[in-house]
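Undergrad: below is the sequence, then the predicted model.
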Amino acid sequence: MAMLTIDTLKTLRNEKAFNLLFDDVNTKRENLDVDEPSMPRNEKYPNGFSWEMPYIFSQIPWLTTTDKPT
């Protein structure tokens, strides 16, 4: 059963199968009066935000991994 599923999914991973699926979805979208698909917006992060900020949690004395709940 698993091999059948894998083989079926592999046959769907091509341009022709994608176009059939996309056309079907667009037809249903038009019938339901839904907006056209679009790419997601780029997220804007606040000024001063950096992915390279140091993790300050290890610097907080009362927040350690050795603390046990009371």
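TA: Nice, thanks for sending it over.

Undergrad: secondary structure element for Glu43?
TA: Following DSSP states H and E, there is no helix or strand that holds Glu43.

Undergrad: from Asp35, how far off is it?
TA: Distance of Glu43 to Asp35, computed by CB to CB, to the nearest Å: 20 Å. The way it works is simple: take the backbone N, C-alpha and C, and place the C-beta from them, glycine included.

Undergrad: can you check Phe22 too?
TA: From Phe22 across to Asp35, the span is 15 Å (CB to CB).

Undergrad: look at those two and report which has more neighbours.
TA: Phe22 (11 against 6; other CB atoms under 10 Å).

Undergrad: and that one, what helix or strand is that in?
TA: Residue-wise, Phe22 maps onto helix 15-31 under DSSP H and E.

Undergrad: can you name every helix or strand that that helix contacts?
TA: Secondary-structure packing of helix 15-31 (3 or more CB pairs under 8 Å, 6 or more residues apart in numbering; DSSP states H and E): no helix or strand packs against it.

Undergrad: tell me how many other residues surround Asn26.
TA: 13.

Undergrad: relative to Asn19, how far out is it?
TA: Taken as CB to CB, the span from Asn26 to Asn19 is 10 Å.

Undergrad: where does pLDDT dip in this structure?
TA: Residues of the chain meeting the criterion pLDDT under 70: 45-70.
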